[in-house]
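Colleague: Sequence and predicted model, in that order:
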Amino acid sequence: MRTPLRQWFTDLRGGPLAAFAFLGAAVALWWMVMHQAPARTFVAIVRGDEVILRAPADQLVDQVFARAYEHVESGDVLCTFDGARLEADLAVARAEAFALEAEVGAESARIEAERRRLAFDALDRDERLVRERATDLRRLELDVEELRLDALSATVELAALEVDRRRYEVRLQYLAELLEPGLTPRSEAAEIEARLAAIADEVARREEQLTGLERARERAEERLELLRDSKIESTAALLPADEPSLLEPLRRRIDVQTALAARLALAADDLVLRAPVSGRIDSVLAHPGRRTVADEGLVTLVAPSRSSTGRHQADLFLREDQTGALVVGDRLELGGVDVLAPDGAPITIEGEVVAAAPRLVELPQRLWLDPRVPEHGHSFLIALPAGTTAVPGARLWARLVP
């Protein structure tokens with residue numbers, strides 16, 4: 001007997017059809033769950049600027065107040081240094097300055113005594129030169145006067161010879177008149193002629209002598225004028241240089257020691273190491289009794305890094321297998337124990353991807369799956385909301401906002 005088609009569908013709906021329907025719905029649900037985009041969670045680290053506080057000089061650490069991972073405010077004392085060595089150096093510098101000042105005083109007194117002795121010696125030499133010059137002037141004046149008298153005497157003698165010559169010439173002329181009539185002998189005239197010849201020779205010699213005396217007198221007068229016009233050079237030029245020029249090296253050494261003492265006095269302010277900014281202490285290398293050298297790093301402080309708008313920033317890292325999961329402009333939901341509201345309560349915040357690194361970078365070591373194997377990935381810069389307080393270096397979780 002044949003079953004009607006309607007009855008057949010009715011029987012099928014109440015049995016196997018229902019089973020097939022439920023089975024298809026289950027398969028569809030499974031497919032939808034398996035192909036749904038998973039809600040990925042990323043890791044971000046609050047960006048911070050590393051500030052290394054260094055030892056101002058070679059000093060000994062006295063006390064350390066900084067503790068790793070603690071938050072400090074600007075101006076907090078992190079450690080202090082032992083000032084014994086600084087005080088000793090300051091005392092040495094001041095003692096050296098005092099010793100140099102005493103040396104300057106002693107040298108100044110010695111120079112003054114030497115100047116006085118040389119001044120007296122110079123005065124004696126000047127007086128002796130004056131006396132010698134006066135003696136030379138008197139001697140030259142006497143020489144000139146003696147030459148003048150000798151020349152005058154020679155002139156008088158020439159005049160006397162000239163008178164004798166004229167007298168003998170008149171006598172010879174008179175005898176010549178008497179010789180013609182034979183009134184006088186020839187011998188007398190010859191004698192007068194011989195005398196005239198002797199007088200002529202004597203006149204020539206006297207004239208030559210007078211010329212020599214005149215020349216000698218002129219030379220003596222020239223020497224006298226030169227001596228009168230000459231000036232006595234004082235021996236004061238032989239005295240030592242002025243005191244400032246002689247003591248300048250010592251005074252410069254005093255200035256150096258004074259400047260050193262002033263610098264050491266100012267360095268007393270460096271016996272305290274303070275935090276220049278607020279932030280979190282990342283590491284502390286100082287400990288009491290440690291001998292430091294100048295410019296040695298003692299405390300590493302991580303200060304919040306802010307954008308030009310004053311907002312905190314964070315670095316988000318993706319591994320190489322997560323390429324393409326984020327783009328600039330994506331909005332993220334972030335949270336963590338170090339993300340606090342202005343009142344200090346932990347909150348979940350919303351950030352925005354504002355920049356992406358152009359190439360792969362090495363991930364921070366704290367994000368490596370295996371601490372021994374470095375990993376590389378993509379880095380993104382996240383801008384956190386204004387007014388959010390985030391500890392530099394804090395680890396945040398981040399999820400894409402649907």
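Modeller: Cool, the structure landed.
Colleague: Tell me the secondary structure of residue 370, please.
Modeller: Following DSSP: H, G, I helix; E, B strand; the rest coil, the label given to residue 370 is coil.
Colleague: Let me know the pLDDT of residue 19.
Modeller: Predicted confidence (pLDDT) for residue 19: 59.
Colleague: where along the stretch 251-400 of the chain do the strands fall?
Modeller: 272-274, 279-284, 297-304, 313-319, 331-340, 346-356, 361-362, 376-383, 389-390, 395-400 (DSSP state E, counting those that start in this stretch).
Colleague: In which helix or strand does residue 174 reside?
Modeller: Per DSSP states H and E: residue 174 is located in helix 84-179.
Colleague: Please name every helix or strand in contact with that helix.
Modeller: In terms of contacts (3 or more Cβ pairs under 8 Å, 6 or more residues apart in numbering; DSSP states H and E), helix 84-179 is packed against helix 186-229, helix 243-267. Where you see a C-beta, it was placed from the backbone N, CA and C, and this is true even at glycine.
Colleague: what is the orientation angle of the shortest one with helix 84-179?
Modeller: I take that to be helix 243-267. Counting by axes from the mean of the first three to the mean of the last three Cα atoms, to 10 degrees, helix 243-267 lies at 170 degrees to helix 84-179.
Colleague: What of the first one?
Modeller: Between the axis of helix 186-229 and that of helix 84-179 there is an angle of 160 degrees, by the same axes, to 10 degrees.
Colleague: what packs against helix 186-229?
Modeller: Against helix 186-229 (3+ Cβ pairs under 8 Å, 6+ apart) you get helix 84-179.
Colleague: Please work out the average pLDDT along the helix it packs on.
Modeller: Mean predicted lDDT for helix 84-179 stands at 80.
Colleague: can you check stretch 58-68 too?
Modeller: The pLDDT scores in stretch 58-68 average 84.
Colleague: what residue ranges in this protein score low on pLDDT?
Modeller: The chain contains residues with pLDDT under 70 at 1-22, 33-40, 179-185, 232-246, 267-270, 304-311, 337-346, 387-391, 402.
Colleague: care to break it down by domain?
Modeller: Per the TED database, the structural domains of the chain span 36-49+303-400, 55-83+269-298, 88-243.
Colleague: can I get the helices and strands packed on helix 84-179 in CSV with distance to residue 141 and mean neighbour count?
Modeller: Below are the helices and strands packed on helix 84-179 laid out as CSV (distance: least, Cβ to Cβ, whole Å; neighbours: other Cβ atoms under 10 Å):
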stretch, distance to residue 141, mean neighbour count
helix 186-229, 6, 14
helix 243-267, 44, 14
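Colleague: Nearest to residue 385, out of those?
Modeller: helix 243-267 (44.4 Å; Cβ to Cβ).
Colleague: roughly how far is that closest one from the heart of the chain?
Modeller: Chain-centre distance of helix 243-267: 16 Å, with Cα atoms, centre = their mean, to the nearest Å.
Colleague: Show me what that helix is in contact with.
Modeller: 56-57, 86, 89-90, 93-94, 96-97, 100-101, 103-104, 107-108, 111-112, 240 (Cβ atoms under 8 Å, 6 or more residues apart in numbering).
Colleague: Tell me if I'm right that residue 397 and residue 348 touch.
Modeller: No. Using Cβ atoms under 8 Å, residue 397 makes no contact with residue 348, being 9.5 Å away.
Colleague: more neighbours, those two?
Modeller: Each of residue 397 and residue 348 had its neighbours counted (other Cβ atoms under 10 Å), and the higher figure belongs to residue 397 (15 against 11).
Colleague: does that one have beta-bridge partners, and which?
Modeller: Taking DSSP bridges as the rule, residue 397 bridges to residue 43, residue 335.
Colleague: And it, how far from residue 111?
Modeller: The gap separating residue 397 from residue 111 is 83 Å, by Cβ to Cβ, to the nearest Å.
Colleague: I'd like to know which of the helices and strands packed on helix 84-179 is closest to residue 23.
Modeller: Between residue 23 and the helices and strands packed on helix 84-179, the shortest separation by Cβ to Cβ is 86.8 Å, and it involves helix 243-267.
Colleague: how about CSV for the domains of the chain, with distance to residue 28 added?
Modeller: Shown next, in CSV, are those (distance: least, Cβ to Cβ, whole Å):
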stretch, distance to residue 28
domain 36-49+303-400, 13
domain 55-83+269-298, 52
domain 88-243, 86
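Colleague: Residue 289: what's it in contact with?
Modeller: Residue 289 neighbours (Cβ under 8 Å, 6+ apart): 60-61.
Colleague: can you give me phi and psi for it?
Modeller: phi 90, psi 0 (degrees, to the nearest 10).
Colleague: for residue 69, same thing?
Modeller: phi 70, psi 10.
Colleague: if I look at the residue nearest to residue 313 when sequence neighbours are not counted, how far off is residue 282?
Modeller: Excluding the flanking residues, the one nearest residue 313 by Cβ to Cβ, 6 or more residues apart in numbering is residue 47, at 4.5 Å. Going from residue 47 to residue 282 by Cβ to Cβ gives 13 Å.
Colleague: between the two, which one's more packed in?
Modeller: Using other Cβ under 10 Å as the criterion, residue 47 and residue 282 rank with residue 47 on top: 20 against 17.
Colleague: The more buried one is in contact with residue 317, isn't it?
Modeller: No. Residue 47 lies out of contact with residue 317 (Cβ under 8 Å); the separation is 11.8 Å.
Colleague: Looking at the helices and strands packed on helix 84-179, spot the one closest to residue 294.
Modeller: Nearest to residue 294 among the helices and strands packed on helix 84-179 is helix 243-267; the distance by Cβ to Cβ comes to 10.8 Å.
Colleague: show me the contacts for residue 173.
Modeller: Taking Cβ under 8 Å, 6+ apart, one finds nothing in contact with residue 173.
Colleague: do you know how far it is from residue 196?
Modeller: According to Cβ to Cβ, residue 173 and residue 196 sit 11 Å apart.
Colleague: before we move on, what about residue 61?
Modeller: The gap separating residue 61 from residue 196 is 129 Å, by Cβ to Cβ.
Colleague: before we move on, what about residue 69?
Modeller: To residue 196, residue 69 is 144 Å away according to Cβ to Cβ.
Colleague: Apart from its chain neighbours, what residue comes closest to residue 101?
Modeller: Excluding the flanking residues, the one nearest residue 101 by Cβ to Cβ, 6+ apart is residue 254, at 6.1 Å.
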